[in-house]
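Student: sequence and predicted structure, then a few things I'm wondering about:
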Amino acid sequence: MITIENLTKAYNGVTVLELDHLEIPKGQAFGLVGNNGAGKTTLFSSLLDLIQPTTGFIKNGEVKVHESEAWKAYTSSFVDESFLIGYLTAEEYFYFIGDLRGQNKADVNELLAGFEDFFNDEILGKRKYLRDLSKGNQKKVGIVATLIGSPEVIILDEPFANLDPTTQFRLKGIIKELAKDENVTVLVSSHDLMHVTEVCSRIVVLEKGKQVRDIITSPATLKELEHYFSGAEAAAAVLEEEEE
Amino acid sequence: MFKHFINLEWKSFFRSASFQTSLAIKILMGLGALYFISIFAGAGGLLFFGLEKAGLEPLQTVNQYLIYYMVVDLLARYFLQKMPIINIKQLLLLPFEKSKIVKFGFGKTALSFFNLVHPFFFIPFSVVLLAQGYDPLGVICWHLGIMCLIYFNNFLNVILNDVTGLIVAVAAIFGGFAAMQYYEIFDITQYTGAFFQGMYETYWMWLLPLLAAAIIIKIAYDYFIKLLYLDAGLASKAQVASTENLDWLDRFGKLSTFLKNDIKLIKRNKRSKTAVIMSVVFLFYGLLFFTGAVETYDNNFMKIFAGIFVSGGFLFSFGQFVPSWDSSYYSLMMTQNLSYREYLDSKWWLIVIATCVSVILALPYFYFGWQAYAAVLVGGIFNIGVNSHVVLLGGAYIKTPIDLTSNKKAFGDKQAFNMKTMLLSIPKLLLPIIVYAIGHLIVGPWLGYVLVALAGVLGFAFKNAVFKKIEKIYKTEKYSTLQAYKQK
């Protein structure tokens, strides 16, 4: 579904991302892990054509993302709060996204009905604008909005961060459900090794912009990752850069 | 400890994204400040002689109207002066005394442009008074009293900023007084004028403003100390969401999605509401031109100029900043399945609707003759046909994120100001005047108006071609726009 070819991104001569070749087949639940500054958000941003790669390209489906905009029709994403419209209520936001994705109010309501648990009664019918919601609740809204209109590619950057434990469990359930669907490719990045190994069938580890591991998830994967990152701790300490 | 604050302020100023953008802006801002200062200074110096020539006692006349000066000052502050904001949250946990934080904030407002500009008026005026043989001690007392009142306003505004109702009341009351004075029912200036005159004549009356200023500072101080808690003054205020039914817009098809959103954008955010209020103010701008109140404005060419402004208030105050209104969620817009065309179309329609409304609201200008209203009407046509395109084109180059929830930048968006947008704003005003001039000089005013209207219709005919071009520019500018919007 997604092909990354010779992709590099450099800022002022410093290369922050360098991927020779990476292919994500349709239907895969793909996990991306790495320390701060490893290039996870940069990768997702280039995938969404929000930043321009220095060299190389990314193909989403049949189109190169920087040449055609056709991928937007079947791709949805939530990267950060700049994907939310602060002055709308949650419902209005969902309907707005629905409108853009060709879903009428009834369609959206039907989808939302399935997430009552996930929302934990804190989102819908609250007469609150998104900007006044807590970070965790904002995230819930953003994540559910990516599911509107049955997209084929779903990109979630750090979906587990800021969520309370109960919601994390529920989110894992949601992602697992998506992963079962052969037509849906899910891309998730996270700092939480346990969550990623649980929901993803394949995990790629980035370090300083380079791919250092490509693992098909098995029961041994968590141990392997833990081992890797405890060894990399010293290296990570050098990387003081804070990534939001 | 103050050293730390000043150091922080210094860094936040010089390291801000906006500061690093361009030197040209700073120079222009500096020139602007100089312009105001010289106007104030010139007015202060020359006012005396002007009044004397008109056969009025200068000091008494100034004192008579001083109350309105003060009220206007307060209103101007309310809308334009920024509150003393230091990044307080981070400081609360550090070993700073709260009183120090508040005092520093107060010190900052005390040095605000809104305070410093007044001496440029009053000092020359006082100097002239002294030179003309007024009692020196009296003049000094009077001068000190005025300064105290200015600072009284400053700190009153600090408190008033949280209470919208009060400022409306103040404006209404003094608007009422002004009206009553105009119709000679009741003249408040008799009493206030006597007081201000008293500051000169008695050597003790200026102590009253001093006392008032001291009291208001004390009140403001206590007020702020109490607010320095996360759940008090530092909490962002949550609004109760209003829901509105905008289904009637559905008839616009796909466009309605954006139109609905834009209307919510305008209604629910301070900043955009201010833009709309400004566009209403523009409606009255024409009075300066059509009434003949200002001599240099009283000619046909300037009337076209006025027509453009009267009908284009919304275009200038809102349209100018497309797409920055959507800056806080621009990444969303760029990843959703939408076309630039629909997005731009929606903004364009908003501008068209607002322009039409302005033209209708401007009907009373008929009172000043058909030419006045014709200027507004053809100005409106030109705005829709030509200027709306220019504004949207300029938008592609404006890369200033707009913080929708804060109000105070309506005047000071210095980042929004760059050479490209400057150049693009020239045709908006100059072109219609030139077109008018051609018609006016060949045959007469009516041909001028017809030509301006024709230019507008012509621009309208090219809408598709122009929009394609604009779309292209938006696409090429996309990455740098996204990046710029990330910097707050």
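Tutor: Happy to help now that I have it. These figures come from a predicted structure and were not determined experimentally.

Student: quick one: the closest residue to chain A within the stretch 351-488 of chain B from B:Tyr223, how far?
Tutor: Closest to chain A within the stretch 351-488 of chain B is B:Tyr479: 5.0 Å, counting by Cβ to the nearest Cβ. Heads up, the C-betas are built off the backbone N, CA and C, glycines and all. Distance, B:Tyr479 to B:Tyr223, using Cβ to Cβ, to the nearest Å: 46 Å.

Student: next one: B:Gly394
Tutor: 42 Å.

Student: what's the average pLDDT for stretch B:471-488?
Tutor: What stretch B:471-488 shows for mean pLDDT is 84.

Student: what residues are up against B:Asn63?
Tutor: B:Asn63 makes contact with B:193, B:196-197, B:200 under the criterion Cβ atoms under 8 Å, 6 or more residues apart in numbering or on different chains.

Student: restricted to helices, list these.
Tutor: Counting by DSSP state H, those place B:193, B:196-197, B:200 in helices.

Student: so which of those wins on neighbours?
Tutor: Most neighbours among the ones in helices among the contacts of B:Asn63, by other Cβ atoms under 10 Å in any protein chain shown: B:Phe196, with 26 neighbours.

Student: per-residue pLDDT, it?
Tutor: Per-residue pLDDT puts B:Phe196 at 88.

Student: mind checking how far whichever strand or helix holds B:Val71 is from the chain centre?
Tutor: Taking DSSP states H and E as the definition, B:Val71 sits inside helix B:58-80. Remark: helix B:58-80 is offset 18 Å from the chain centroid, using Cα atoms, centre = their mean, to the nearest Å.

Student: need the residues of chain B near chain A, please.
Tutor: Residues of chain B lying close to chain A by Cβ under 8 Å from any Cβ of the partner chain are B:236, B:238-241, B:243, B:257, B:260-261, B:264-265, B:268-269, B:328-332, B:334-338, B:404-405, B:479, B:482-483, B:485-486.

Student: please enumerate the strands of chain A.
Tutor: Remark: strands assigned in chain A by DSSP state E are A:2-11, A:14-24, A:29-34, A:55-60, A:63-64, A:75-78, A:153-157, A:185-190, A:202-207, A:210-216.

Student: quick check: next helix or strand after the helix or strand bottoming out on mean pLDDT in chain B?
Tutor: When the helices and strands of chain B are scored by mean pLDDT, DSSP states H and E, helix B:88-92 comes last with a mean of 67. Using DSSP H and E, the helix or strand that directly follows helix B:88-92 along the chain is helix B:98-110.

Student: remind me what that next one packs against, helices and strands.
Tutor: Counting by 3 or more Cβ pairs under 8 Å, 6 or more residues apart in numbering or on different chains; DSSP states H and E, the packing neighbours recorded for helix B:98-110 are helix B:2-14, helix B:136-160, helix B:207-227.

Student: next, the angle from that helix to helix B:58-80.
Tutor: Helix B:98-110 and helix B:58-80 are oriented at 120 degrees to each other (axes from the mean of the first three to the mean of the last three Cα atoms, to 10 degrees).

Student: report the rounded mean pLDDT for helix B:98-110.
Tutor: What helix B:98-110 shows for mean pLDDT is 79.

Student: stretch B:433-443 too?
Tutor: The model assigns stretch B:433-443 a mean pLDDT of 87.

Student: residues in contact with that stretch?
Tutor: With contact meaning Cβ under 8 Å, 6+ apart, stretch B:433-443 is reached by B:300-301, B:304-305, B:445-452, B:455.

Student: mind running it again at 6 Å?
Tutor: Contacts to stretch B:433-443, defined as Cβ atoms under 6 Å, 6 or more residues apart in numbering or on different chains, come from residues B:301, B:304, B:447-448, B:451-452, B:455.

Student: send the alpha carbons of that stretch over as PDB?
Tutor: What follows is stretch B:433-443, C-alpha atoms only, in PDB (Å, rounded to 0.1, in the frame of the first residue of the first chain):
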ATOM      1  CA  ILE B 433      -8.700  55.700  -8.700                       C
ATOM      2  CA  ILE B 434      -6.700  55.600 -11.900                       C
ATOM      3  CA  VAL B 435      -9.500  54.000 -13.800                       C
ATOM      4  CA  TYR B 436     -11.900  56.600 -12.500                       C
ATOM      5  CA  ALA B 437      -9.500  59.400 -13.300                       C
ATOM      6  CA  ILE B 438      -9.400  58.300 -16.900                       C
ATOM      7  CA  GLY B 439     -13.200  58.400 -17.300                       C
ATOM      8  CA  HIS B 440     -13.500  61.600 -15.200                       C
ATOM      9  CA  LEU B 441     -10.900  63.500 -17.300                       C
ATOM     10  CA  ILE B 442     -12.200  62.400 -20.600                       C
ATOM     11  CA  VAL B 443     -15.900  63.000 -20.100                       C
END
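
Student: so which bits of it are buried?
Tutor: Within stretch B:433-443, the residues scored as buried using 16 or more other Cβ atoms under 10 Å in any protein chain shown are B:433, B:435-436, B:439-440.

Student: tell me the pLDDT at A:Leu17?
Tutor: On pLDDT, A:Leu17 comes in at 92.

Student: surely it is in contact with A:Thr42?
Tutor: Yes: proximity of A:Leu17 to A:Thr42 meets the contact threshold set by Cβ atoms under 6 Å, at 4.9 Å.

Student: which neighbours do these two have in common?
Tutor: Counting by Cβ under 6 Å, 6+ apart, the common neighbours of A:Leu17 and A:Thr42 are A:Lys9.
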